[in-house]
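Undergrad: need a structure here:
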Amino acid sequence: VNNEYPHIGVIINQHTEFDHRLQTPVKTTTSDSNGDFVVKNFPVGIYNVVLLKQGWGFTYLYEVRIYKDDNDLSNQVVLHEEVIIPDYFQESNNIFETGHHYLFQNDVVLLPDQSLIIQSGAILRISPGIQFKIHGNITLQGEEDNLIWITSNDKFENQSVKSEPEKYNKFEISSIAVLAENMINWVKVDYGIVGLMNQVEGVTILNSTFRFCDIGFQSYNVNYTEIYNILAHHCQEPNSNGVYINSVEGGNVFDNIFISNYHGLEIKDDFIGDVYNNYFSGNGFAGLRILDYSGSINHNEFTSNTNDIAYSGNDAYLQGVMKILYNNFNSETGLKHHQSNNYSIVDSLIINKNNFNSNILFVSYYGRETCLNYFNCDMNYFNGLIQTEEIMEYFLDHWNELYEIVPSLNNIYQNPINSTGIQ
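TA: Residues are numbered from 1 along each chain as shown. Presented below is the predicted three-dimensional model:
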């Protein structure tokens, strides 16, 4: 993905992906009292080296090249004693320092009159079932090669075999918190039920990764949010989301990568905004799932999802139009209208200038009457088909007399449209 689209998402590398809990070591050894160690009969190659001590955390040396004969790892590595965080912070002003490990063994709250600066390279380890809630002032900005890491404090005790951690409950920034520069930047989050939730108005989150969560990042109950350059992957439990926008009135979601989630991105309830220039691949139910949405979905790349876009509902709450423009659809089903509880009606739908290379259906309808007032599906490419009758065979599923509005299919493109997809 990074090779084809280097200008979107986070560059995938050892900093974003390596976790020694998920690997079986090639070799292990113990240092002497000076920290010196020797490993014999080591195969030539490139390795990540993990240096750790019980109660003192760990650190990684990435991509160390081992040559034939003797090798000298001359890196000076310092481990710091782990810090156990109490239920409430004792000081008004607090700092989580670079390279230090902070352990949350019980639910922890940062009070409104307290502040916390989390420096780049700090590691927050939250025990399974535990949550960390922020009501005070927080700075949450790492660096590209020194990410802040928020993860579950599980399976660190067994270093000899690969072991999947259990999930912590939640890292939550509440509506009364103050977030420095209204920004979350260069954060790595994994193994949370809700990896990171934000309820602060007008926040931008960028350059961050979310994986192995039920919900990677959630923006909840705010007027506006902006999300870009995010990598969300392998949030695969049923109904999980790489990113979840819930009860947010507006914003933009662009230049992100969503891979191998149940839903790559889910947007729900009253959202008006644009979703553009994103890459969706291998997502189990839908690359993009939207319920009650108005705005433009444009210039996205969809591939190998079960449904590229699954949508329903925007008439009961919004007076607007959903526009789907200039996208590439390359999965089993391009668009799926689905019934989901009270979300069934789509008022007006414009689908123009997309490339449909869908394997099974271009557009699928499921559930009760959709009550469309306007359905324009002109100026698209339909996998080389040009006759309306041929296209309709791949166009509608469960279509019957309940559906009074038939889509217009004019000016069909014979060849793929060049201006579609990620720009």
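
Undergrad: contacts, neighbours, all on C-alpha from now
TA: Will do.

Undergrad: tell me what the lowest-mean-pLDDT helix or strand in the chain is packed against?
TA: Least confident element among the helices and strands of the chain, by mean pLDDT, DSSP states H and E: strand 361-365 (a mean of 73). Counting contacts by 3 or more CA pairs under 8 Å, 6 or more residues apart in numbering; DSSP states H and E, strand 361-365 is packed against strand 333-337.

Undergrad: may I have the strands that pair with the next helix or strand after the strand it packs on, each with its orientation?
TA: Moving toward the C-terminus from strand 333-337, the next helix or strand (DSSP states H and E) is strand 348-352. Partners of strand 348-352 in the sheet, by DSSP bridges, are strand 322-325 (parallel), strand 374-376 (parallel).

Undergrad: re the thing from before, centre of the chain to the least confident helix or strand of the chain, how far?
TA: Computed by CA atoms, centre = their mean, to the nearest Å, the chain-centroid distance of strand 361-365 equals 26 Å.

Undergrad: partner strands of it, with direction?
TA: The strands beside strand 361-365 in its sheet (DSSP bridges) come out as strand 333-337 (parallel).

Undergrad: tell me which residues in the strand it pairs with are buried?
TA: 333-337 (16 or more other CA atoms under 10 Å).

Undergrad: just the C-alphas of it, formatted as CSV.
TA: C-alpha atoms of strand 333-337 as CSV (Å, rounded to 0.1, in the frame of the first residue of the first chain):
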residue,chain,number,x,y,z
THR,A,333,-20.3,-6.0,-3.9
GLY,A,334,-19.8,-2.3,-4.6
LEU,A,335,-22.6,-0.7,-2.7
LYS,A,336,-25.0,-2.4,-0.3
HIS,A,337,-28.1,-0.8,1.0
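
Undergrad: any idea of the mean pLDDT in it?
TA: Mean per-residue pLDDT for strand 333-337: 87.

Undergrad: name the residues that touch it?
TA: For strand 333-337, contacts defined as CA atoms under 8 Å, 6 or more residues apart in numbering pick out 306-312, 356, 358-366.

Undergrad: any chance you could map the strands in the stretch 51-200 of the chain?
TA: 58-66, 83-85, 93-96, 101-104, 108-110, 115-118, 123-126, 131-134, 137-141, 148-152, 168-173, 178-185, 187-190, 192-198 (DSSP state E, counting those that start in this stretch).

Undergrad: out of the buried residues of strand 333-337, the closest to Tyr381 would be?
TA: Closest approach to Tyr381 among those (CA to CA): Gly334, at 12.2 Å.

Undergrad: from Ile84, how far out is that closest one?
TA: 49 Å (CA to CA, to the nearest Å).

Undergrad: hang on, the earlier thing: which of the contacts of strand 333-337 are buried, as a ChimeraX select command?
TA: In ChimeraX, a selection of the buried entries from those looks like this (16+ other CA under 10 Å):
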select :306,307,308,309,310,311,312,356,358,361,362,363,364,365,366
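
Undergrad: which outside residues touch stretch 275-282?
TA: Identification of contacts with stretch 275-282 by CA under 8 Å, 6+ apart yields 8, 252-261, 264, 287-288, 296-306, 308, 421-423.

Undergrad: give me that answer again for 6 Å
TA: With contact meaning CA atoms under 6 Å, 6 or more residues apart in numbering, stretch 275-282 is reached by 253-260, 287, 297-305, 422.

Undergrad: same deal with stretch 166-182?
TA: In contact with stretch 166-182 (CA under 6 Å, 6+ apart) are residues 126-139, 152, 191-200, 203.

Undergrad: quick check, central residue of the chain?
TA: Note on the chain: the residue nearest the mean C-alpha position is Ala232, at 2.5 Å, using CA atoms, centre = their mean.

Undergrad: check contacts around that one.
TA: Ala232 neighbours (CA under 6 Å, 6+ apart): 209-211, 242, 258.

Undergrad: do Phe210 as well
TA: If a contact means CA under 6 Å, 6+ apart, then Phe210 has 189-190, 216, 232 as its contacts.

Undergrad: understood, closing this out.
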